[in-house]
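Asker: Fold the following, please.
(chains A and B)
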Amino acid sequence: MGLKRILHNLKEKYRGTKMETAFGALHTFLYLPNETTHGGTHIKVADDLKRTMNTVIISLIPCLIFGMFNTGYQHHLAFGDIQAVTGGFFSSEFWTLANFTVGFWKILPLIIVSYVVGLGIEVLFATIKKHEVEEGYLVTGMLVPLIVPIDIPLWMLAVAVIFGVVIGKEIFGGTGMNILNPALTIRAFLFFAYPTWMSGDKVWIEGAVKRTQDIAEGANLDAISGETILGSLAQNNDVGYSVMDMFYGFVPGSVGETSALLIVLGGLFLIFTKIGSWRIMLSSVIGTLVMGLIFNFVVDSEWISESSKFYGLMDTMFWHHLLIGGLAFGIVFMATDPVTASQTNRGKWIYGFFIGFISIMIRVFNPAYPEGVMLAILLMNVFAPTIDHYVVQANVKQRLKRLKVKSA
Amino acid sequence: MGFLSKKDVALIKDPLFDNNPITIQVLGICSALAITAELEASIVMSISVLFVMGFGNVIISLIRNIIPSKIRIIVQLTVVAALVIIVDLVLKAFAYELSKTLSVFVGLIITNCIIMGRFEAFALANGPWRSFLDGIGNAFGYAIILIIVGFFRELLGSGTLLGIQVLGDPIEKTGAYAFGYENNGFMLLAPMALIVVGIIIWVQRSRNEALIEDH
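Answerer: I've put the predicted structure just below:
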């Protein structure tokens, strides 16, 4: 109990000074606060905001670990050091120390930058506004490294985190008041500000950008291309990955979004702990499948020619859309953000459905935005309050009608 | 102040900060978003608006007693349109490239809410000298915001100021680019102009408590 005592004392010592918020945050991050509410009756529950956040982080850890291995795997594969894995998910050729080391040292700085910058801003704003440091960044800070390309320069990430936290969250009043999902605001900022680092066939593989620069400077090396599946499909190229590769996640992509298998596990964990809304996840999947089926139908009816630039993505088997790109990750971890999603149950169905539906629409019709799920979720974030409003109004109307029938 | 009375000074000074047409009255946002990707365009736009507002206010003020109030909007439009056409033709004659950048937005000065707003609110009820001061005061208020936004958008978006590469050459990788710095493409898009204007409003209101609105 030594540390707990020390933290209590520190907090008491700095009470009322500018540093109070900072010490308070450190203290409650590690232990339950040593003060209780006064007066009235209070319900005590175990899952406070911090517990909620930690649950989400736990569900993200498999994706993170897998991302580390996959980063190394893609790197070694592209540089010709190893052969493609054939032995399934637990294949020992994939889970090697060499793969992990490359990924670990590449991803660790992303996590550190994300948390240091993001929490730094939170503490800064808490100090200025004189309130407790809010836990809102804990999940965002873990999501951010997982949804960026591995080779993103750290300073860009830092700039984007500052933008996302300030413009996406603090302006609206901090944690719980934001309209847009902060992690996606950060990614959208990166995407529009530095498109060359967020798309194309180089940034997804560790070292590929540097190799391109070396070649430009005259080194006699083979160029490395690591096109994502969506990128290839958008150019009507064949995809060199099997469906199982897509499901297991042995494909290039943003750090933590490739493995559909582990995302499903994380999603089940969130549903089991009642942190994530199964309604949103399910309806997003339905929306995706519906839009995918519509496009498949268009192709089957031969309404578009094979030379059409939309053909590659339209022709993709409807349920494959769930496995490729960041769609699954977005649906499970971003769309379900309780702050920015719809609050009503019926609203959640509508909100989720349109996320899936619009994601695929953006994917197919605008290959310049290869991953539609980011824009779809941000769009629906904006619409979520409106959806809720009409759901509530509809309910009010229904009840009024019932009342009239009774009284009449 | 022999030349300018205290009230006259206020006419010029108020719109610069505490009653800024863009950040406080939230007028003329459209052009502020559209043409501020480059500092030069911002400056030329500011000068154009300065010209139109200064003279427009004086002209309206001079004829304010003979305008039938039922058709005053049409008369105001005619005056602005005449002035805007002068500006447009001058730009086309002496700065053709720039007039292409500004394109339709010079023409759209006609519909700039600031100008019509000042005609209605001030020039119709005040003498020509005071109207002139009010016109240039508001135009300067507009100009300040445009130039601040244009400065940041061009500097961060293209790495240049007035077309001069102040941060080094992005292709040759000199200056800041040698350290891996890259231009922020988002700055060149209109949404970022809105965000920059928003940040200016934020800073301004947090520094001046009187501007914070009650809810």
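Asker: What segments of the chain are strands?
Answerer: Because you didn't say which chain, this covers chain A. Secondary structure of chain A (DSSP state E): no strands located.
Asker: actually chain B
Answerer: Assigned by DSSP E, the strands in chain B fall at B:160-161, B:164-165.
Asker: Turn these into JSON lines, columns for distance to residue A:114.
Answerer: All C-beta spots, glycine's among them, are computed from the backbone N, C-alpha and C. Formatted as JSON lines, those follow (distance: least, CB to CB, whole Å):
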{"stretch": "strand B:160-161", "distance to residue A:114": "31"}
{"stretch": "strand B:164-165", "distance to residue A:114": "32"}
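Asker: who wins for proximity to chain A among these?
Answerer: When those are compared by CB to the nearest CB, strand B:160-161 sits nearest chain A, at 16.8 Å.
Asker: Other residues contacting that closest one?
Answerer: Applying CB atoms under 8 Å, 6 or more residues apart in numbering or on different chains, the contact partners of strand B:160-161 are B:39, B:151, B:154-155, B:166-167.
Asker: Let's see that with 7 Å instead.
Answerer: Strand B:160-161 has contacts (CB atoms under 7 Å, 6 or more residues apart in numbering or on different chains) with B:39, B:154-155, B:166.
Asker: For the residue of the stretch 51-200 of chain A found nearest chain B, give me its contacts.
Answerer: Among the residues of the stretch 51-200 of chain A, residue A:193 lies closest to chain B, at 3.8 Å counting by CB to the nearest CB. Shown in contact with residue A:193 (CB under 7 Å, 6+ apart): B:184-186.
Asker: again with residue A:219
Answerer: For residue A:219, the contact set (CB under 7 Å, 6+ apart) is empty.
Asker: what about residue A:208, neighbour count?
Answerer: Each residue near residue A:208 was counted by other CB atoms under 10 Å in any protein chain shown, and the total is 24.
Asker: measure it to residue A:196 for me?
Answerer: According to CB to CB, to the nearest Å, residue A:208 and residue A:196 sit 13 Å apart.
Asker: so which of the contacts of residue A:193 are also by chain A?
Answerer: Within the set of the contacts of residue A:193, contact with chain A (CB under 7 Å from any CB of the partner chain) is found for B:184-186.
Asker: So which of these sit within helices?
Answerer: Judged by DSSP state H, helices contain none of the ones next to chain A among the contacts of residue A:193.
Asker: Kindly reformat those residues as TSV containing pLDDT and distance to residue A:330.
Answerer: Listed next are these as TSV, based on pLDDT from 0 to 100; distance: CB to CB, whole Å:
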residue	pLDDT	distance to residue A:330
B:184	84	24
B:185	83	23
B:186	85	21
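Asker: what about chain A, any weak spots by pLDDT?
Answerer: A:1, A:16-48, A:221, A:223, A:225-226, A:408 (pLDDT under 70).
Asker: Count the neighbours of whichever residue of the stretch 201-350 of chain A sits closest to chain B for me.
Answerer: Closest to chain B within the stretch 201-350 of chain A is residue A:213: 9.9 Å, counting by CB to the nearest CB. Applying other CB under 10 Å, we find 11 other residues in the vicinity of residue A:213.
Asker: For it, give its distance to residue A:198.
Answerer: Residue A:213 is 18 Å from residue A:198, where distance means CB to CB.
Asker: which parts of chain A sit against chain B?
Answerer: Proximity of chain A to chain B, by CB under 7 Å from any CB, involves residues A:153, A:167, A:189, A:192-195.
Asker: Going along the chain, name the helices of the stretch 151-300 of chain A.
Answerer: Residue ranges of the helices in the stretch 151-300 of chain A, as given by DSSP state H, counting those that start in this stretch, are A:154-168, A:182-193, A:195-198, A:208-216, A:229-234, A:243-248, A:260-272, A:278-300.
Asker: for stretch A:259-267, which positions count as buried?
Answerer: A:259-263, A:266-267 (16 or more other CB atoms under 10 Å in any protein chain shown).
Asker: same question, stretch B:10-24
Answerer: Neighbour-count burial for stretch B:10-24 [16+ other CB under 10 Å]: B:10-12, B:14-16, B:19-24.
Asker: again with stretch A:139-149
Answerer: With burial defined by 16+ other CB under 10 Å, the residues of stretch A:139-149 counted as buried are A:139-149.
Asker: Could you do stretch A:74-90 as well?
Answerer: The neighbour-count check on stretch A:74-90 (16+ other CB under 10 Å) flags A:74-79, A:82, A:85, A:89 as buried.
Asker: Residue 173: what's it in contact with?
Answerer: Using chain A here. Contacts for residue A:173 (CB under 7 Å, 6+ apart) come out as none.
Asker: oops, chain B please
Answerer: Residue B:173 neighbours (CB under 7 Å, 6+ apart): none.
Asker: Tell me the confidence at it?
Answerer: With respect to pLDDT, residue B:173 scores 74.
Asker: can you check residue B:159 too?
Answerer: We have a pLDDT of 82 for residue B:159.
Asker: And for the one 4 residues further on?
Answerer: The predicted local confidence for residue B:163 comes out at a pLDDT of 77.
Asker: same deal with the one 3 residues further on?
Answerer: As predicted, residue B:166 sits at a pLDDT of 79.
Asker: tell me, how many neighbours does it end up with?
Answerer: Neighbourhood size, residue B:166 [other CB under 10 Å]: 13.
Asker: of the contacts of residue A:193, closest to residue A:52?
Answerer: The shortest approach to residue A:52 among these belongs to residue B:186, at 31.7 Å (CB to CB).
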